[in-house]
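[1] need a 3D model of the following:
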Amino acid sequence: MKIKVGDKVEVIAGASKGKTGKVLRTYKSENKVIVEGCNIVKKHQRPSATSTGGIVEVEAKIDASNVMIVDPKTNKPTRIGHTIDKNNKKVRVAKKSGEKID
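    Next up is the predicted model:
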């Protein structure tokens, strides 16, 4: 999976199509991610010592194939490539602009 925690991504398929957000968590074995503010579902929560319970809204998992990294230069979705920089380190780059993705 080429998507990492903290990446800015755009949802390209599903009910949240067109929304952008930051990746909060990745599930590499399931090939899924959780994106901030996308794929919101209602969850019934039981009262506990720390919370009152009730119906809460949380972000659900999205398949990693349904999100694309946002190019830091153009702010549009792009694919990811890899290159070797001058320090012989493998870095991720945006295919559209060639900009390095941190």
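
[2] can you tell me the element Val56 falls in?
    strand 54-59 (DSSP states H and E).

[3] for the record, mean pLDDT for the longest strand seen in the chain?
    With secondary structure taken from DSSP state E, the chain has its longest strand at strand 20-27. For strand 20-27, mean pLDDT is 97.

[4] can you give the domain ranges for this structure?
    1-70, 73-102 (automatic domain parsing).

[5] contacts only, for the spatially most central residue of the chain.
    Taking Cα atoms, centre = their mean as the criterion, Val23 is the residue nearest the geometric centre of the chain, at 3.4 Å. Taking Cβ atoms under 8 Å, 6 or more residues apart in numbering, we find Val23 in contact with 3-9, 33-36, 67. C-beta here means a position set from N, CA and C on the backbone, and glycine is covered the same way.

[6] the residues you listed in strands, which ones?
    Filtering the contacts of Val23 for strands - DSSP E - leaves 8-9, 33-35, 67.

[7] need the max-distance pair from the residues you listed.
    Lys8 and Ile34 (14.0 Å; Cβ to Cβ).

[8] among those two, which residue is more densely surrounded?
    Of the pair Lys8 and Ile34, Ile34 is the one with more neighbours under other Cβ atoms under 10 Å, namely 19 against 16.

[9] bridging residues for that one?
    Arg25 (DSSP bridges).

[10] quick one: it and Ala60 touch, right?
    Yes. Contact criterion Cβ atoms under 8 Å: Ile34 and Ala60 qualify, at 7.4 Å.

[11] next, work out how far apart the residue located most distally from the centre of the chain and Ile12 are.
    When each C-alpha in the chain is compared with the mean C-alpha position (Cα atoms, centre = their mean), Ala49 comes out farthest, at 31.6 Å. According to Cβ to Cβ, to the nearest Å, Ala49 stands 41 Å off from Ile12.
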